[in-house]
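Novice: Here is my input, please return the structure:
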Amino acid sequence: MKKKIAIAAALSAAYIITSSAAYATTDGRDKAMRAEAFEYRDGDVVCEGYIVYDETIKEKRPGVLVVHEWTGLGEYEKRRAKEIAEMGYVALAADIYGKGVRAHTPEEASSLATKFRSDRATLRSRARAALEALKKHPLVDPAKVAAIGYCFGGGTVLELARSGAELSGVVSFHGNLDTPNPEDAKNINCKVLVLHGADDPLVPQEHISAFQEEMRSGGVDWQMVFYGGTVHSFTNPASGNDPSKGVAYNERADRRSWEAMKVFFAELFETR
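Specialist: All right, here's what the predicted structure looks like:
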C-alpha cells in the first residue's frame, strides 16, 4: 500500500491531469480514446499539454511527443495527437510557450517563436520537460519514445535531439533546420527523419546544406525526404491553397509524409 502511495505521489509531482474526456475515434473502430489536459513543469514554469491514449490497451506502449507550430499548442496539434494515439501510441502534444501563452496574430507568433529560437537552452529545456513528463506516464514504455514537430516544432525536436535527449527518433515536418550549435550533432543518439517541401522559401538552401553537413559530421543516422511542388507548412489545411505565398497545404505531400512517419515509427518501435 505504501509503495502504491509513493508511486502516485511521484506521478503527481511529474504532471497533473486538469481535465479529461472520452471521444469517438475518427475511423469508427472500437476503441476507448481518452484525451486530457496535462500539466507539467519546466522549473517554475507551468506548461499545459494535451495527452491522448486508447484506454482499451492495458500494457505499456510507445509514446510520441508532438510539438506545435509557431502559434503555440492548438487544435491542429491536438488533432495530430489524436491520430497518433489511434495508432496505438500515447501521444502528448507539448506546450513550449507555457500555460495560457498563445499567439493570436502572425506578429505575436513571430515574437514568441523568435524568443525561443534566440534562446536554444530554454527551448531545449522546455522540450525536455515535456519528454520527461511523457516518459513518466504509467502507460508509456520510456525506452520507446519519439518526438515529432511542425514548423517551429520541427526545429524544436531537432534541438531536442541535439541536446542528447534519450529517445528513439525525431521527425521534423517542414521545420527549421538551422542551429547556432552544429557541433552538438555529436550528441544525437537517435534516428532523425526530416520531411521537407522542395520549394519551401522559408528554409534557404544554405540551411539545408548546412544541416546535411551537420548530420554527416555528427555521424547521425538521418533521412531527408523532399516533396516536389511543395512549400512551407504543407501538412496544415489552415495554411491555405496558394503556394505563391510560400505557405500552403498540399494534400499529397501531407499524406505521403504521414505515411513516411508511420514507416519510421515501425522501424523505431519494431512493430512491423
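
Novice: Now do the same for Y249: its pLDDT.
Specialist: The model reports Y249 with a pLDDT of 98.

Novice: Let me know the distance separating it from A109.
Specialist: Y249 sits 18 Å away from A109, going by Cβ to Cβ, to the nearest Å. Every residue, glycine included, has its C-beta placed from N, CA and C.

Novice: what helix or strand is the nearest residue in space to A127 that is not next to it in sequence on?
Specialist: Nearest residue to A127, sequence neighbours excluded (Cβ to Cβ, 6 or more residues apart in numbering): L160, at 4.2 Å. Under the criterion of DSSP states H and E, L160 resides in helix 152-162.

Novice: Restrict the following helix or strand past that helix to CA atoms and write it as CSV.
Specialist: Going down the chain from helix 152-162, the next helix or strand is strand 169-173, by DSSP H and E. Presented in CSV, the C-alpha positions along strand 169-173 are these (Å, rounded to 0.1, in the frame of the first residue of the first chain):
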residue,chain,number,x,y,z
GLY,A,169,13.8,9.1,-33.0
VAL,A,170,12.6,12.6,-34.1
VAL,A,171,10.5,13.7,-37.1
SER,A,172,10.5,17.2,-38.5
PHE,A,173,7.6,18.2,-40.7
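
Novice: ok, the helix or strand following strand 169-173: who's next to it in the sheet?
Specialist: With elements assigned by DSSP H and E, the helix or strand that comes after strand 169-173 is strand 191-197. Strand 191-197 has the following strand partners under DSSP bridges: strand 169-173 (parallel), strand 222-227 (parallel).

Novice: okay if I get these as a markdown table plus mean pLDDT and mean neighbour count?
Specialist: Converted to a markdown table, those look like this (pLDDT from 0 to 100; neighbours: other Cβ atoms under 10 Å):
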| stretch | mean pLDDT | mean neighbour count |
| --- | --- | --- |
| strand 169-173 | 98 | 28 |
| strand 222-227 | 98 | 16 |
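
Novice: Quick one: these as JSON lines, columns for distance to V203 too.
Specialist: Shown next, in JSON lines, are the strands paired with strand 191-197 (distance: least, Cβ to Cβ, whole Å):
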{"stretch": "strand 169-173", "distance to V203": "10"}
{"stretch": "strand 222-227", "distance to V203": "11"}
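
Novice: Retrieve the pLDDT associated with the residue nearest to A127.
Specialist: pLDDT at L160 comes out at 98.

Novice: So, low pLDDT: which residues of the stretch 1-150 of the chain?
Specialist: Along the stretch 1-150 of the chain, the model assigns pLDDT under 70 to residues 1-15, 17-30.

Novice: quick one: the strands in it?
Specialist: Here the stretch 1-150 of the chain has its strands, by DSSP state E, counting those that start in this stretch, at 15-23, 33-42, 45-54, 61-67, 90-93, 140-150.

Novice: Distance from stretch 138-148 to the middle of the chain?
Specialist: Chain-centre distance of stretch 138-148: 12 Å, with Cα atoms, centre = their mean, to the nearest Å.

Novice: With just CA atoms, put that stretch into PDB.
Specialist: C-alpha atoms of stretch 138-148 as PDB (Å, rounded to 0.1, in the frame of the first residue of the first chain):
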ATOM      1  CA  PRO A 138       2.300   4.900 -16.400                       C
ATOM      2  CA  LEU A 139       1.100   3.800 -19.900                       C
ATOM      3  CA  VAL A 140       4.300   4.700 -21.700                       C
ATOM      4  CA  ASP A 141       7.300   2.500 -22.300                       C
ATOM      5  CA  PRO A 142      10.100   5.000 -21.600                       C
ATOM      6  CA  ALA A 143      12.500   3.000 -23.800                       C
ATOM      7  CA  LYS A 144      10.300   3.600 -26.800                       C
ATOM      8  CA  VAL A 145       9.600   7.300 -27.200                       C
ATOM      9  CA  ALA A 146       9.800   9.600 -30.300                       C
ATOM     10  CA  ALA A 147       9.100  13.200 -31.000                       C
ATOM     11  CA  ILE A 148       7.600  14.900 -34.000                       C
END
